[in-house]
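Trainee: Build me a model:
(chains A, B and C)
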Amino acid sequence: MLSRTAANLYWLARYMERAENLARMLDVAERTSLMPGGALADGVSDSDYNEWHSVLTASGNATGFFASHDEPTREQVIHYLALDKSNPSSIRSCIETARNNARAVRTALTADLWESLNQTWLDLIATKREEFRRGELQTFLDWVKERTLLFSGGATSTLLRGEGYRFLRLGTFVERADSSARILDVKYHILLPDDQHVGGAVDYYQWTALLRSFSASRSFYHSYRSALTAGNIAEFMILSQEMPRSLTACLAETHGLLEHLADLHGRHLECHRLAGQLYSKLRYARIDDIFEQGLHEFLTGFIAQNTRVSDEIAVAYLS
Amino acid sequence: MDIRIDHKTTYGFDTASMHSIQTLRVTPQAFAGQRIGRWMVTGNGRRDLPEIEDAFGNVIHTLTTSEPHEGVTVMVSGVVSTIDTSGVVKGLTETMPAAVYLRDTNLTKPDDAIRDLAGTALKDPLETAHQLMSAVRTAVNYRTGATDIATSAIQALAAGEGVCQDHAHVMIACARVLGMPARYISGYLASADGGQVHEASHAWAELRVEGLGWVGFDAANNVCPTDCYVRVAHGLDYQGAAPVIGMRRGIGTDILTVNVEVAPVAQQDQALAGDLDKAYEE
Amino acid sequence: MGASPYQPINGCFDEMVGRDGAVRDAYQAVDRWLVETDPALLEQRRREAEVLFMRIGITFAVYGEGGDPERIIPFDIVPRVIDATEWERLARGLEQRVKALNLFLCDIYADREILRAGVIDEALVLRNPAYLPEMNGFRPSGGVFTHIAGIDMVRVGDDEFYVLEDNARTPSGVSYMLEDREMMMRLFPDLMAAHDIAPVEHYPSELLGTLRSVAPKTSDRDPTVVVLTPGIYNSAYYEHTYLADRMGVELVEGQDLFVEENRVYMRTTRGPERVDVIYKRIDDPFIDPLVFNPNSALGVPGLMTALRAGNVTLANAPGAGVADDKSVYVHVPDMIKFYLGEESILKNVPTYRCGEADDYKYVMDNLGELVVKEVRGSGGYGMLVGPHSTKTEQEEYAERIMATPDEFIAQPTLALSTSPTFVDSGVAPRHVDLRPFVLTGANGVSIVPGGLTRVALREGSLVVNSSQGGGTKDTWVLVPPTGGKEAASC
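Mentor: Numbers count the residues shown, from 1 in each chain, chains lettered A, B, ... in the order given. The predicted model follows:
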């Protein structure tokens, strides 16, 4: 397969995943900001500020945002992350870039997949909206999640399990791992197990919101059947083999897909070694050790290593 | 005169490139005015660069690098023995029909100002050519930094200043207007006497003069090439005769460093020149 | 059944109804079909065809932002039929013509005998913008410069075909020829069964065979062929994907290729893969920024050197365009005589070159009767069709000719043949031309019977170009009624 084709598929999936993750993050921020002000220590305006600010940080959009804005108000942040054409990482731009990548490799996609993606784009530009009121944002975010899920579902159920499929899925999991780690990193302070108590109302709310941003509140209770504690939540989101957005689960997929490609081409390269190394480290890790090492340090290290995997994938296959 | 040339070109990339390619037109051909003593072309230390002849009869070496790299270095060195032929080029294998040298290119197409400068041909074509050379020298002042490699004859004449490349382009454009085939020459100039304008790497024009054949005209210095000139490559314009033209994959800017040393070989230096081969084998 | 309601245009040769008013042999079944089929059914089929073309995505313009116009070239459901004898003669003429064009190209880039002999003016070739000095001295693999040629022909009489224009660079439209045939098979299988139609479906495999046959000698493996496209914004992008797909080869862009040690490679997920033959759908000035347009991002730096080193074949070879220049066109019959010692089987349209004094005067005096074209123009743009123009248009055009006479040629307005065409008012005569595609490989010439028939859908229009409201038709070449079938039925 041409490297350009593989690159288009890889980035197509990364951008769709990025759009989905942004929608999740905005969803959580909106919910959190709806919390009664008295429930937060620092007062409404400040918490409001923190919440929207942290979405910008978690999605890697803070620098871009503050280059053209002063205050991270709800309206400004939502506009910047959802609709802003000038922000290459807004949901709108992600979907546009994804579609452009798809258009360049139409013959490598099924008609179903292309048509669904094209429809997503056409619907998006047809709305011509510039801002959201409270209720409207939710509808929009639900629509984004629905369309991105349709894309992954369409890919899984219609694509030939050839090279192209592997590169598409690689894009999904490399992006997801990055996004999950960033979300956790922004919120790592609420996961620090200073006191092993069952959290108060604020903790409870924050933890639930975090789980929700991983679409994981139900599955957490299903897996743990125990009280919500910071340690449990961190373990679940980082090390769980079952939770499809955990770092370990993402790396298991990345590693598996890369091994498949290595067998297919008969070439073992740096990206295979790095992905294998990172996966093993996660697989045999213990959450206590991670806390000992420092959660923030661990997550920062993970993000850097995951990026190196992505860079080496590019060197090996995409350029 | 025996002229020794050491020409080193380095491109430094500010970000590593995965692939780069350079076309090198740096190998002089023998003719009645020059013999090639020895000549060596190395790219990134390699001496076995693939070599072909282009459509104009120039020798082309190609340097390609397909692994991450942050620059390339091209070294050219050798000794050429020259005699003064008053610019007349005889004994060069001509592969291209003369009529081709009447074609316009982007860098040499004329406008009204060039047509005006060209004037009308005199009865004696050699005289016409000399008159053109003086006219170009007067119309375009020698000044570095006013133009670059993409400057066309039209732009250079309009600006009224430029370097040898621009003088050559304007001269060529004028000659073609008058129906005289003309071409761009890249080469070297070894100048012993001070005061004259020159660069070690040099460019001039050749015009096809009825009855004489190709004759060189260096409008930048308002002279016909002497035994101080080493003729390397020719083409319709700069792009077709440039010593090094390259491209690379990647972003960022390139820092170009060129170091050319051209000097007459004195008797006692002859032995030193003989060591050239060995030096570059390391 | 009553007489055919179809009325040819007076003074024009009609493909179906002869000058004597009788239906020509090749069209007997089509005529019956047109008479017997309910127009409503024809209309329904025409719509079906439109929907199918749209759905498959055979579009002319590419998707733009926010669902901009995405046009299909209109398809006419009435086939254009050519009988076996007519085609046999045409095919011989095409083969002869393209052979001469290739000999001409090899000659002018090497020994230039035809120029030395004074048959063609030296300046006309050597100073022609389409002549590439950079190809001087180049001897292409198999002696072929133009591997894929499209020859535009028109018919004015029973046995009178004229060549209007040669396309020696990157002729397009062959995907329409193939799709039109597929469409007819879906829509009118019975009508097709009633004829013995020479197949065209094997064109992609013929093309691949042609390209493989000219692989460079330095290639010791099974040659790798690719199609090089400028990308999705090119108006013929659909055709590029179609041909790559049908040949089973990669569709690459310039950025997918790179040159190392004067060899061409493509970047694949398995690592660099050597490329031997490039079916080039990029215009010459863009193929190598180190030699031609330095700002081109479509090409491959170093490609020309790899070509001259004999390590890759480009089809068509750079510089082939000089053979289809409108001012060189005039001399094609001379080329045929010079290289082959034969008389040209296909006729050239008499052409006046405005750069020459006598011709100039004639053209200026007769603008109302002539078709005037820009020498470097294409696509039917910028031409003056004398009989269909107003006085003002003629005067304006005259001024343009006056300013740069060299840039114009003129030809008599030909009475292009008409062919029955299904339009809003029913079946009516519309003017058509024909573009057969001629393939030349190391082992000679091959022509898939037929070609692309273009039809001027507007009543009275003589311009068939798709950019000017032209459509296409399936072109049927009937197989000679030889012993084959009869023997089988005995």
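
Trainee: host element of C:Asp31?
Mentor: helix C:28-36 (DSSP states H and E).

Trainee: any idea which element residue 51 lies in?
Mentor: No chain was given, so I picked chain A. helix A:44-58.

Trainee: Actually, chain C is the one I wanted.
Mentor: Counting by DSSP H and E, C:Val51 is part of helix C:39-56.

Trainee: List of residues touching that helix?
Mentor: With contact meaning Cβ atoms under 8 Å, 6 or more residues apart in numbering or on different chains, helix C:39-56 is reached by C:70, C:72, C:75, C:77, C:179, C:183, C:186-188, C:422, C:426. Quick note: C-beta positions are derived from backbone N, CA and C, even for glycine.

Trainee: Pull out the buried residues from it.
Mentor: Of all the residues in helix C:39-56, those buried under the rule 16 or more other Cβ atoms under 10 Å in any protein chain shown are C:42, C:45-46, C:49, C:52-53.

Trainee: List the contacts of whatever residue of chain A ends up closest to chain B.
Mentor: Nearest to chain B in chain A, going by Cβ to the nearest Cβ, is A:Ser319, at a distance of 6.3 Å. Residues in contact with A:Ser319 (Cβ under 8 Å, 6+ apart) are A:3, A:7, B:18, C:267.

Trainee: could you pull out the helices for the stretch 1-150 of chain C?
Mentor: C:28-36, C:39-56, C:84-108, C:113-116, C:122-126 (DSSP state H, counting those that start in this stretch).

Trainee: could those be laid out in a markdown table, adding mean pLDDT?
Mentor: A markdown table is the format used below for these (pLDDT from 0 to 100):
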| stretch | mean pLDDT |
| --- | --- |
| helix C:28-36 | 93 |
| helix C:39-56 | 84 |
| helix C:84-108 | 96 |
| helix C:113-116 | 97 |
| helix C:122-126 | 94 |
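
Trainee: Out of those helices, the one nearest B:Met75 is which?
Mentor: helix C:122-126 (37.3 Å; Cβ to Cβ).

Trainee: quick one: that closest one to chain centroid distance?
Mentor: Helix C:122-126 sits 25 Å away from the centroid of its parent chain (Cα atoms, centre = their mean, to the nearest Å).

Trainee: in it, what's buried?
Mentor: By 16+ other Cβ under 10 Å, the buried positions in helix C:122-126 come out as C:122, C:124-126.

Trainee: so what secondary structure elements neighbour it?
Mentor: Identification of packing neighbours for helix C:122-126 by 3 or more Cβ pairs under 8 Å, 6 or more residues apart in numbering or on different chains; DSSP states H and E yields helix C:113-116, helix C:326-329.

Trainee: Chain C against chain A: which residues are in contact?
Mentor: Residues of chain C lying near chain A by Cβ under 8 Å from any Cβ of the partner chain: C:63, C:65-67, C:231-232, C:241, C:245, C:250-253, C:255-256, C:266-271.

Trainee: if you set the cut-off to 6 Å instead, what comes out?
Mentor: C:66, C:232, C:241, C:250, C:256, C:267-270 (Cβ under 6 Å from any Cβ of the partner chain).

Trainee: out of those, which one sits closest to chain B?
Mentor: C:Arg267 (9.2 Å).

Trainee: now the helix or strand encompassing the closest one, how far from the chain's geometric center?
Mentor: For C:Arg267, the host element (DSSP H and E) is strand C:263-268. Using Cα atoms, centre = their mean, the mean C-alpha position of strand C:263-268 is found 30 Å from that of the whole chain.

Trainee: Name the next helix or strand following it along the chain.
Mentor: Next along from strand C:263-268, by DSSP H and E: strand C:271-274.

Trainee: Other residues contacting that next one?
Mentor: Strand C:271-274 is contacted by residues C:265-266 when judged by Cβ atoms under 6 Å, 6 or more residues apart in numbering or on different chains.

Trainee: Remind me what the helix or strand following that strand packs against, helices and strands.
Mentor: Using DSSP H and E, the helix or strand that directly follows strand C:271-274 along the chain is strand C:277-280. The helices and strands touching strand C:277-280, judged by 3 or more Cβ pairs under 6 Å, 6 or more residues apart in numbering or on different chains; DSSP states H and E, are strand C:225-228, strand C:313-315.

Trainee: so which pair among the contacts of A:Ser319 is furthest apart in space?
Mentor: Applying Cβ to Cβ across those, the maximum distance is between A:Ala7 and B:Met18, 13.3 Å.

Trainee: okay, those two: which has more neighbours?
Mentor: A:Ala7 (22 against 17; other Cβ atoms under 10 Å in any protein chain shown).

Trainee: Count residues in the vicinity of the closest residue to chain B within the stretch 301-450 of chain C, would you?
Mentor: Going by Cβ to the nearest Cβ, chain B is nearest to C:Pro301 of the stretch 301-450 of chain C, at 4.2 Å. For C:Pro301, the neighbour count with other Cβ under 10 Å is 28.

Trainee: what does B:Asp6 give?
Mentor: Neighbours of B:Asp6 (other Cβ under 10 Å): 15.

Trainee: what do you get for B:Gly37?
Mentor: Using other Cβ under 10 Å: B:Gly37 sits among 17 other residues.

Trainee: what do you get for A:Ile313?
Mentor: 28.

Trainee: ok, it touching A:His272?
Mentor: No. Using Cβ atoms under 6 Å, A:Ile313 is not in contact with A:His272, being 9.5 Å away.

Trainee: Poorly predicted segments of the chain, please.
Mentor: Picked chain A for this. Residue ranges of chain A with pLDDT under 70: A:35-49, A:193-202.

Trainee: not what I meant, chain C
Mentor: Along chain C, the parts satisfying pLDDT under 70 run over C:1-4, C:55-71, C:377-381, C:467, C:481-490.
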